[in-house]
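Visitor: What follows is a predicted protein model with its sequence.
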Amino acid sequence: MTLLEPRPIPDLAGLGRVHFIAVGGVGMSGIADALLARGVTVSGCDQTDSETLRAVERQGATVFVGHDPAHLADVDTVVVSTAIHDDNPELIEARRRGLPVLHRSVALASLMAGHKVVSVAGSHGKTTTTAMCVSALQRAGRDPSYVIGGMILDSATGSHLGGGPEFVVEADESDGSFRQYPTSLAVITCVDADHLDNWGTPEHYAAGFAQFATAPGVELVILDGDDPGAARLGESLTAQGHTVRTYGQSDHCDVRLSEITVDDHTCQAVLTDGSWSGKVSLAVPGVHNLHNAAAAYCVGQALGADRDLVLQGLSGFHGTARRFQHLGQAGGVTVIDDYAHHPTEIAATIAAARAVADGARLVVCFQPHLFTRTRDFADNFGQVLAQADQVVVLDVYPAREEPIPGVTGELVADAIAAHGGSMHYVPQFADAVDALAGLVQPGDIVLTIGAGSVTTVGPALLARLGQP
């Protein structure tokens, strides 16, 4: 179990020259950009070159491709993520020299001094909900700072250092780092067991959210009253005297969604808050996104933003990268990319795709993420993926993990077959496009799903099919 315990938050002025190991990741690059905006000298490296790495360079950072202890020659502080292993040569050098080594969450927390912090947590929907909060607040005339683990499509960025008092952050629970931030408003979209490689058991995982919600400084907890895990937490918090505000479709929720309609790539609902009602219209599909929008509305209300402007901001939101992102069409085939990597997320993505498919075949290309998650949820993956018409299953994307004997993508493929689905196991990633090209036919919708390299399959398939 690798969980990060909250650490003292350093003064920003005392960080000196900051070096990011693996700055090319979306989360790390957003923090680097924010530090640059505050006048901090930043450098960073990554194993491979990328547009994200070059974007950080354009903001003023010195960047390197590859890991080399020499990169730390003039560095005062080093920032790492949980994905950086102890054998990284730069991390070894930093420790040898006695340099402060901060987890990314601690570096991010150092930017929050003096702000009212809105931390958006939850097993699913964090990125989209955080981005919706930003969109709603900006339309209401606010200029919040924010750091999100994904790119907002409307602004083509995942971070911004604003001039207003609010700081909105996507708070990651996977390694316990969501407990690091000086949170005022705690948003919890759902509590659905995940990351058991770190938390150990579903009970410990749920307890982590309780710690997040009851940390010193938390004034209000906003959570989905329809989600069983979040609802149980809300009941416990209320019994302990904490202030909780709920949203959802159930009558008991403080902010209620009703008269829901879903059509081609959009969805609408009536949102009722006490005696007030308004219509929320989204340019992104899925009932789950209406729940995310209700959370963002609650944040806006807690911060005193105008209700109508908040709803206008939500209607102008067009999504985040890799969250049901329409990549294009070729040969009569539509390709959509999604970051979903947990059974619950995949179920929501498939449901959203069915709503827009209008009877078309749904072909899914799924890449399991992490050996431990594949081991723990193989049958659950099979059950939800069997709802597609055809599924191409790739082998496991390992990310930070070492292989586990007997755990491969074939576990998921077998589970799909056991649940009556039609699947094709493709263990070699290089064969993914060939496999899909042999399956698809005009009119199909293809979903590439997963948190790893599967995101490259969609553009390659479109090129194969002759996208202009």
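Guide: Received it, and whenever you're ready, just let me know what you need. Numbers count the residues shown, from 1 in each chain.
Visitor: contacts, neighbours, all on C-alpha from now
Guide: Fine.
Visitor: which residues does the residue most central in space within the chain contact?
Guide: With distances taken as CA atoms, centre = their mean, the chain has T127 as the residue nearest its mean C-alpha position (4.0 Å). By CA atoms under 8 Å, 6 or more residues apart in numbering, T127 lies in contact with I148, G149, G150, E170, T320.
Visitor: And the next helix or strand past the helix or strand where it lies?
Guide: Assigned by DSSP states H and E, T127 falls within helix 126-139. As assigned by DSSP H and E, the chain's next helix or strand after helix 126-139 is strand 145-152.
Visitor: Contacts for the helix or strand following that following strand, please.
Guide: Using DSSP H and E, the helix or strand that directly follows strand 145-152 along the chain is strand 157-160. Under the criterion CA under 8 Å, 6+ apart, residues 26, 30-31, 33-34, 144-152 lie in contact with strand 157-160.
Visitor: Neighbour count, distance to G122 and pLDDT added to those, as JSON lines?
Guide: What follows is the contacts of strand 157-160, written out as JSON lines (neighbours: other CA atoms under 10 Å; distance: CA to CA, whole Å; pLDDT from 0 to 100):
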{"residue": "V26", "neighbour count": "20", "distance to G122": "19", "pLDDT": "76"}
{"residue": "G30", "neighbour count": "26", "distance to G122": "20", "pLDDT": "88"}
{"residue": "I31", "neighbour count": "28", "distance to G122": "20", "pLDDT": "93"}
{"residue": "D33", "neighbour count": "25", "distance to G122": "25", "pLDDT": "92"}
{"residue": "A34", "neighbour count": "21", "distance to G122": "24", "pLDDT": "91"}
{"residue": "P144", "neighbour count": "23", "distance to G122": "21", "pLDDT": "97"}
{"residue": "S145", "neighbour count": "22", "distance to G122": "20", "pLDDT": "95"}
{"residue": "Y146", "neighbour count": "26", "distance to G122": "17", "pLDDT": "94"}
{"residue": "V147", "neighbour count": "29", "distance to G122": "16", "pLDDT": "91"}
{"residue": "I148", "neighbour count": "28", "distance to G122": "14", "pLDDT": "90"}
{"residue": "G149", "neighbour count": "25", "distance to G122": "13", "pLDDT": "80"}
{"residue": "G150", "neighbour count": "24", "distance to G122": "15", "pLDDT": "76"}
{"residue": "M151", "neighbour count": "23", "distance to G122": "18", "pLDDT": "70"}
{"residue": "I152", "neighbour count": "25", "distance to G122": "19", "pLDDT": "76"}
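Visitor: Please identify which of those is nearest to N198.
Guide: G149 (19.6 Å; CA to CA).
Visitor: can you tell me which residues contact that closest one?
Guide: V26, G27, G30, T127, G158, E170 are the contacts of G149 under CA under 8 Å, 6+ apart.
Visitor: Next, find the distance separating it from T261.
Guide: 29 Å (CA to CA, to the nearest Å).
Visitor: now, among the contacts of G149, which is nearest to A73?
Guide: For the contacts of G149, the nearest to A73 is G30 (23.5 Å; CA to CA).
Visitor: sec struct for that closest one, please.
Guide: Assigned by DSSP: H, G, I helix; E, B strand; the rest coil, the conformation of G30 is helix.
Visitor: Let me see the contact set for it.
Guide: G30 neighbours (CA under 8 Å, 6+ apart): V147, I148, G149, G158, S159, H160.
Visitor: Could you tell me which residues within the helix holding T127 count as buried?
Guide: Using 16 or more other CA atoms under 10 Å as the test for burial, helix 126-139 gives 126-139.
Visitor: want to throw these into CSV with distance to S315 and pLDDT?
Guide: Listed next are those as CSV, based on distance: CA to CA, whole Å; pLDDT from 0 to 100:
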residue, distance to S315, pLDDT
K126, 18, 91
T127, 17, 91
T128, 14, 92
T129, 13, 96
T130, 15, 95
A131, 13, 93
M132, 10, 95
C133, 12, 97
V134, 13, 96
S135, 9, 95
A136, 9, 96
L137, 12, 97
Q138, 13, 96
R139, 10, 95
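Visitor: which one among those gets closest to T455?
Guide: T127 (16.8 Å).
Visitor: Could you count how many residues lie near G176?
Guide: 23 (other CA atoms under 10 Å).
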